[in-house]
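J.: Okay, here's the prediction I keep looking at, along with the sequence it came from:
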Amino acid sequence: MEQRLRNRILILLVIAGVVVFAFISVSGRQPVAKISAVMPKRENLVSSIHSNGKVEPITPYTMRAQLDTFVEKVAVVEGQPVKKGQLLLQLNVKDAEAQLAEARSKLLRAQDDLRAARAGGRADDAARVTGDLAKAQAERDRLQRNHEVLKRLIEKQAATQDELSANDLALAKMQSEVTRLTAGKQEFGRQVTLDGSRSLLMVEQAQSAVAALESKVRNGHIVAPVDGILYSLPVKMGDYVKVGDLLLEMADLRKVRVRAFIDEPELGQLEPGEPVRITWDALPNRSWMGKTEIIPKQVVARGSRSVGEMLCAVDNDKLELLPNINVNIRINSKERKNVLAVPRGAVESEGGRRYVYVVKDNPLGVGKKQLEKREIQVGIADATRYEIVSGLQEGDLVALPGDVEPRDGMPVKVLNTDETVLQGHADE
């Protein structure tokens, strides 16, 4: 009897549990997640790239010391506008001027030697060699004539054999002298040719030395190559500078460019001619406009970043942007007008695909809602929104991220956190 009673009680409890579960399921009284939602809206989107960069002159002029010397005079101050040809610095070039005078003297001597060599040798030396040979030849010819005369006189017994022998001995000696002087003249000619080549080389070397020293002397008198701003002057009067030391930097700063450091993932969005907005923290209320010019062709390491260096031309008529300052960059790479858009936070990614959770009516309860996971196609994006290419329509209600992780089919209750966006859903 007791066993049958216990079985009846157990059966009643099971039936009661089933009834309660069915009642809750049908009535929709199970716990429901509370979420915020938004409707896609038609908006104008601008896809921007934000980064940092550095200002630099388009055509900088850098002056460096061309000799080891002292700064004798500083005629300008840093930041000063200067005119083309205006004196900027004067270096001490007295040693260079003395060396230049000596080099010019050597050049004159070398040029004189070259002219003499090309004229056949120095006039006095050439005259002496030629005169000695001519005299010897004349004496030889005289003795030769005497030889013939004496031979005829001996036949007539008007001269002796001893006189002929003495003449022939003198003739032989003079012929030897003529041979020696002829060889000497030939050697003189060869020497003149060698001296000409050597003198030409010496002239060229002396000309190079003079040109180098003239450049040093000129470089001691440093003037502005163009109109511009002297933006760097690291030396002062009395400083000792060595060859290659930086003296000053200047440029026309009305036109500058910005070297923008674009992170590698964003390089594919860049195109020439896109508008660029530049801001500088030192002048927070000012901005400058420019355009992209040179798109990066390689990626380099910059600290912990991998970036491409893009150049942007910027108008700097008021001379407010200074060389080497760090600035902020915003590049408006793409623009779409009147496109359907949703907040970026509402879009999730999975396996290379993007999707959202759309709020739909729950078939198990009138006025109740549940989530539907839906794949979408997106276009451009700005800092807060995605362009919707397909998958959503105007009037759809899209769940926003919250404390509860959404899932397909989840029952939800929409909170009206934005009445302008969720208009028409106040009673849900």
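T.: Arrived safely, thanks for sending.

J.: which one in the chain is furthest away from the centre?
T.: Residue farthest from the centre of the chain, counting by CA atoms, centre = their mean, is Gln157 at 107.1 Å.

J.: Wasn't that one part of a strand?
T.: No: counting by DSSP: H, G, I helix; E, B strand; the rest coil, Gln157 is not found in a strand; it is coil.

J.: got a pLDDT number for it?
T.: Looking at Gln157, its pLDDT stands at 78.

J.: and Val299, how many neighbours?
T.: 15 (other CB atoms under 10 Å). In this view, the C-beta of every residue, glycine as well, is placed from N, C-alpha and C.

J.: Could I get the average pLDDT for stretch 47-60?
T.: In this model, stretch 47-60 has a mean pLDDT of 89.

J.: Buried ones in that stretch, by neighbour count?
T.: Judged by neighbour count (16 or more other CB atoms under 10 Å), stretch 47-60 contains these buried residues: Ser47, Ser48, Ile49, Ser51, Gly53, Val55, Glu56, Pro57, Pro60.

J.: correct me, but Ala251 touches Met63?
T.: No: applying CB atoms under 8 Å as the test, Ala251 and Met63 come out as separate, 11.8 Å apart.

J.: which secondary element of this protein has the worst mean pLDDT?
T.: helix 2-27 (a mean of 62; mean pLDDT, DSSP states H and E).

J.: can you pull the contacts of the closest residue to Leu67 other than its chain neighbours?
T.: Distances taken as CB to CB, 6 or more residues apart in numbering place Lys216 nearest to Leu67, at 4.9 Å, with adjacent residues excluded. By CB atoms under 8 Å, 6 or more residues apart in numbering, the contact set of Lys216 is Gln66, Leu67, Val93, Ala96, Leu100.

J.: Identify each buried residue in stretch 88-103, please.
T.: Leu88, Leu89, Gln90, Leu91, Asn92, Val93, Ala96, Gln99, Leu100, Ala103.

J.: Nearest to Glu271 among the residues you listed?
T.: Leu88 (41.4 Å; CB to CB).

J.: Keeping just the C-alphas, turn whichever strand or helix holds that closest one into PDB.
T.: Secondary structure assignment for Leu88, by DSSP states H and E: strand 87-91. Taking Å, rounded to 0.1, in the frame of the first residue of the first chain, the C-alpha atoms of strand 87-91 are listed here in PDB:
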ATOM      1  CA  LEU A  87      76.800  87.100 -46.400                       C
ATOM      2  CA  LEU A  88      76.100  84.500 -43.800                       C
ATOM      3  CA  LEU A  89      79.500  83.400 -42.400                       C
ATOM      4  CA  GLN A  90      83.200  84.400 -42.900                       C
ATOM      5  CA  LEU A  91      85.800  81.800 -42.200                       C
END
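
J.: beta partners of Thr69?
T.: When bridges are called by DSSP bridges, Thr69 pairs up with Val241.

J.: who touches it in this structure?
T.: So Thr69 contacts Leu91, Asn92, Val93, Asp95, Ala96, Gly220, Tyr240, Val241 (CB under 8 Å, 6+ apart).

J.: where does the last one land on pLDDT?
T.: So that's Val241. Note on Val241: pLDDT of 92.

J.: just checking, it touches Phe70?
T.: Yes: the pair formed by Val241 and Phe70 meets the contact definition of CB under 8 Å, at 7.5 Å.

J.: Mind listing the shared neighbours of the two?
T.: In contact with both Val241 and Phe70: Leu91, using CB under 8 Å, 6+ apart.

J.: neighbour count winner among those two?
T.: Val241 (21 against 11).

J.: phi, psi of the closest residue to Leu87 other than its chain neighbours?
T.: Excluding the flanking residues, the one nearest Leu87 by CB to CB, 6+ apart is Ala75, at 4.7 Å. Dihedral pair for Ala75: phi -100, psi 0, per degrees, to the nearest 10.

J.: For burial, what's the neighbour tally of Ala75?
T.: With other CB under 10 Å as criterion, Ala75 counts 14.

J.: what's near enough to touch it?
T.: Gln86, Leu87, Leu88, Leu89, Gln90.

J.: does the fourth one really touch Phe70, like I thought?
T.: Spelled out, that is Leu89. No: between Leu89 and Phe70 there is no contact, the gap being 11.1 Å when judged by CB under 8 Å.

J.: just to revisit the earlier point, who does the strand holding Leu88 pair up with?
T.: Using DSSP bridges, the strands paired with strand 87-91 are strand 69-74 (antiparallel), strand 221-223 (antiparallel).

J.: Mind checking those for the one nearest to Ile329?
T.: Nearest to Ile329, of the strands paired with strand 87-91 and by CB to CB, is strand 221-223 at 35.4 Å.

J.: Which helix or strand lies directly C-terminal to the closest one?
T.: For strand 221-223, the succeeding helix or strand toward the C-terminus, using DSSP H and E, is strand 228-232.

J.: quick one: that next one to strand 87-91, angle?
T.: 40 degrees (axes from the mean of the first three to the mean of the last three CA atoms, to 10 degrees).
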